[in-house]
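>>> Here is my input, please return the structure:
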Amino acid sequence: MTASIDLTATLSRADANLEASLERMFALVRIKSISTDLAYKDDCRKAAEWLVGELSDLGFEASVRDTPGHPMVVAHQAGPAGAPSVLFYGHYDVQPVDPLGEWSSDPFTPGIVERDGRKVITGRGTSDDKGQLLTFVEACRAYRDVHGSLPVSVTILFEGEEESGSPSLKPFLEAHAEELKADYALVCDTSMWDTETPSISAGLRGLVGEEIVVTAADRDLHSGYFGGAAANPIHILADILAGLHAEDGSVTLPGFYDGVEETPDDVKAMWETLGQSAEKFLGPIGLSQPSGERGRSVLELTWARPTAEVNGITGGYTGEGFKTVIAARASAKVSFRLVGQQDPARIRESFRAYVTARIPADCKVEFHPHGASPAIQLPYDSELLTLAKDALSDEWPKPAVVIGMGGSIPIVGDFQKLLGMESLLVGFALADDRIHSPNEKYNLNSFHKGIRSWVRILAALGARTA
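Predicted coordinates:
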């Protein structure tokens with residue numbers, strides 16, 4: 001084991017640095033690094049260069065790395081011999097600010113205001129993801145100020161295209177795999193359960209997207225002349241989609257649940273303590289009854305179970321008024337959220353076989369894939385997860401909880417598949433941060449205690465041998 005680290009002085013330094021840390025955050029937020037609009041290309045590079053300057057001042061070997069799109073920031077700093085190595089990931093690009101008229105203040109003029117009795121930092125990117133990534137950078141600063149070095153070896157990777165689909169990220173990881181590989185990946189682009197309860201995301205659902213197009217006649221038909229005799233692709237498609245689910249809400253595709261494991265009882269018990277219910281979860285959107293697999297909580301349904309959802313249907317006449325036709329074509333877009341060890345390729349194959357078997361002999365079906373990624377699951381008894389859970393619980397008023405995430409973060413899968421690294425997903429955003437919307441904010445307490453949280457996690461990692 002490496003020498004134990006005195007946290008008191010480092011945490012005190014993080015507290016003393018807070019005002020200056022906020023000024024640095026304001027400086028980064030002022031840079032209009034909107035990745036989806038080429039008009040802000042120079043601003044994206046400016047943000048990358050600003051980060052390189054800050055990291056260089058902290059003793060990192062930092063550089064801007066060009067890509068076909070916006071640049072990456074890569075930085076390295078060695079830790080003590082025998083200490084683990086970590087790769088910290090974040091993104092410096094932000095979403096567009098439209099509609100500008102709905103902002104209460106200039107989105108690129110950050111400040112601190114009080115909302116609902118809490119001090120919050122306002123501005124685009126404060127929560128997603130500039131404030132989040134700076135919690136880690138400022139934790140490193142506190143260590144450098146007190147100890148002159150970091151407790152672990154740290155590589156930092158900041159990208160500038162996360163909000164525009166990360167087209168350069170996977171090729172960059174493949175090209176620089178040896179340089180970027182570490183013992184663990186740390187990702188700070190997630191949320192807390194509430195203002196007092198930190199969380200660690202142990203699971204991310206995977207995704208399979210598929211578009212199907214059913215064609216019957218060679219043209220739209222008069223429904224009086226041909227109705228009852230000609231195949232109707234909308235009927236065919238509706239039957240196919242309706243058959244995807246059994247009465248108990250389960251998905252009917254053969255082999256769909258291969259690789260799906262039950263959530264451990266102790267984890268489900270932990271989730272029950274969060275006080276979530278169908279009424280609380282669905283009430284704000286005008287619903288009350290969960291529609292998935294019967295007998296499962298809404299948290300289990302959204303965090304730990306696979307799904308089949310129809311995302312869109314088109315066919316026939318959809319304009320104003322009425323037109324009595326039998327459509328020649330009908331299409332649907334279907335997505336599957338995956339968990340555990342479900343194989344995206346096998347799910348796609350099973351779905352296509354299911355659809356093809358239900359197409360009449362004189363009709364046709366086409367398939368158009370729309371991406372596929374496996375689920376990510378950190379073992380609930382992982383040493384890394386336990387270490388982080390204990391560190392966070394020491395910092396926040398309530399113990400940390402281990403949660404799942406209904407969505408997907410492709411970079412986590414790439415870290416696992418390309419670099420062979422477990423990822424620790426710890427973030428300090430809140431559900432009301434209005435990310436991607438006007439009036440984005442980040443709680444001052446999230447920023448401050450986020451810095452302190454990373455101080456604690458780095459100390460816990462540094463107390464282990466690599």
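>>> Return the backbone torsion pair for the residue nearest the centre of the chain.
Central residue of the chain (CA atoms, centre = their mean): Ile409, 3.9 Å from the mean position. Backbone geometry at Ile409, expressed as degrees, to the nearest 10, gives phi -120, psi 100.
>>> distance of it from Ala217?
44 Å (CB to CB, to the nearest Å). Where C-beta positions appear, they are placed from N, C-alpha and C, glycine not excepted.
>>> and what of Lys323?
16 Å.
>>> just Ser350 next, same as before
Noted for Ser350: a distance of 29 Å to Ala217, by CB to CB.
>>> Show me where the stretch 301-450 of the chain dips below the pLDDT cut-off.
For the stretch 301-450 of the chain, no stretch is flagged by pLDDT under 70.
>>> show me where it has helices.
Taking DSSP state H, counting those that start in this stretch as the test, the helices found in the stretch 301-450 of the chain are 344-356, 383-395, 410-419, 444-462.
>>> Same check on the stretch 51-200 of the chain?
130-147, 169-175, 177-180.
>>> which of the ones you listed sits most buried?
Most buried of these, by mean neighbour count (mean count of other CB atoms under 10 Å): helix 130-147, with a mean of 24.
>>> now that helix and helix 444-462, what's the angle there?
50 degrees (axes from the mean of the first three to the mean of the last three CA atoms, to 10 degrees).
>>> name the helices or strands packed onto helix 130-147?
helix 7-16, helix 18-29, strand 85-91, strand 153-159, helix 444-462 (3 or more CB pairs under 8 Å, 6 or more residues apart in numbering; DSSP states H and E).
>>> any idea of the angle the last one forms with helix 7-16?
Helix 444-462 and helix 7-16 meet at an angle of 150 degrees, taking the same axes, to 10 degrees as the criterion.
>>> Please tell me how far the residue lying closest to Met72 once chain neighbours are set aside sits from His370.
Once flanking residues are discounted, Met72 sits nearest to Arg65: 4.3 Å by CB to CB, 6 or more residues apart in numbering. According to CB to CB, Arg65 stands 30 Å off from His370.
>>> and these two? which has more neighbours close in?
Counted by other CB atoms under 10 Å, Arg65 and His370 do not tie: Arg65 has more neighbours, with 16 against 13.
>>> and the more buried one, what does it touch?
Counting by CB atoms under 8 Å, 6 or more residues apart in numbering, Arg65 makes contact with Pro71, Met72, Val73, Val74, Phe172.
>>> number of nearby residues for Ile435?
Ile435 has 21 nearby residues by other CB under 10 Å.
>>> which residues touch it?
Going by CB under 8 Å, 6+ apart, the list of residues near Ile435 reads Gln95, Ser127, Asp128, Ala429.
>>> at 6 Å what do you get?
By CB atoms under 6 Å, 6 or more residues apart in numbering, the residues touching Ile435 are Ser127, Asp128.
>>> For it, what are phi and psi?
Per degrees, to the nearest 10, the backbone of Ile435 is at phi -70, psi 140.
>>> So it versus Thr197, what's the distance?
Between Ile435 and Thr197 the distance, using CB to CB, works out to 19 Å.
>>> about what we covered before: quick one: pLDDT of the residue nearest to Met72?
Per-residue confidence (pLDDT) for Arg65: 98.
>>> More neighbours: which of Lys323 and Ala217?
Ala217 (17 against 11).
>>> per-residue pLDDT, the more buried one?
Value listed for Ala217 in the pLDDT field: 97.
>>> Just give the closest residue to it, not the sequence neighbours.
Ala328 (5.0 Å).
>>> ditto for Gly209
Using CB to CB, 6+ apart and skipping the chain neighbours, the partner closest in space to Gly209 is His370 (3.2 Å).
>>> ok, which stretches of the stretch 251-400 of the chain are strands?
307-315, 325-326, 329-338, 364-373, 376-377 (DSSP state E, counting those that start in this stretch).
>>> could you dump those strands to a markdown table with distance to Arg118?
Formatted as a markdown table, the strands of the stretch 251-400 of the chain follow (distance: least, CB to CB, whole Å):
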| stretch | distance to Arg118 |
| --- | --- |
| strand 307-315 | 34 |
| strand 325-326 | 56 |
| strand 329-338 | 33 |
| strand 364-373 | 36 |
| strand 376-377 | 32 |
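>>> So which of those strands is the most surrounded?
Of the strands of the stretch 251-400 of the chain, strand 376-377 is the most buried (mean count of other CB under 10 Å), at a mean of 22.
>>> That one pairs with which strands, parallel or anti?
strand 199-204 (antiparallel) (DSSP bridges).
>>> mind checking the end-to-end distance for stretch 226-244?
From its first residue to its last, stretch 226-244 covers 29 Å (CA to CA, to the nearest Å).
>>> How far off centre is it?
Computed by CA atoms, centre = their mean, to the nearest Å, the chain-centroid distance of stretch 226-244 equals 37 Å.
>>> Also stretch 405-419?
Centroid separation for stretch 405-419 versus its chain: 9 Å, with CA atoms, centre = their mean.
>>> Enumerate the positions of it that are buried.
Buried residues in stretch 405-419, counted by 16 or more other CB atoms under 10 Å: Met405, Ser408, Ile409, Pro410, Ile411, Val412, Gly413, Asp414, Phe415, Gln416, Leu419.
>>> ok, now stretch 256-272?
So for stretch 256-272, counting by 16+ other CB under 10 Å, buried means Phe256, Gly259, Thr263, Val267, Met270, Trp271.
>>> and the two most separated of these?
Phe256 and Met270 (27.0 Å; CB to CB).
>>> so how far is Ser291 from the residue lying closest to Gln289 once chain neighbours are set aside?
Using CB to CB, 6+ apart and skipping residues adjacent in sequence, the residue nearest Gln289 is Ala278, 6.7 Å away. Going from Ala278 to Ser291 by CB to CB gives 10 Å.
>>> more neighbours, these two?
Comparing Ala278 with Ser291 by other CB under 10 Å, the one with more neighbours is Ala278, at 14 against 10.
>>> Now do the same contact list for the residue lying closest to the residue nearest to the centre of the chain once chain neighbours are set aside.
Leaving aside its sequence neighbours, Ile409 sits nearest to Leu204 (CB to CB, 6+ apart; 5.6 Å). Each residue near Leu204 by CB under 6 Å, 6+ apart is listed here: Ile376, Met405, Ser408, Ile409, Val412.
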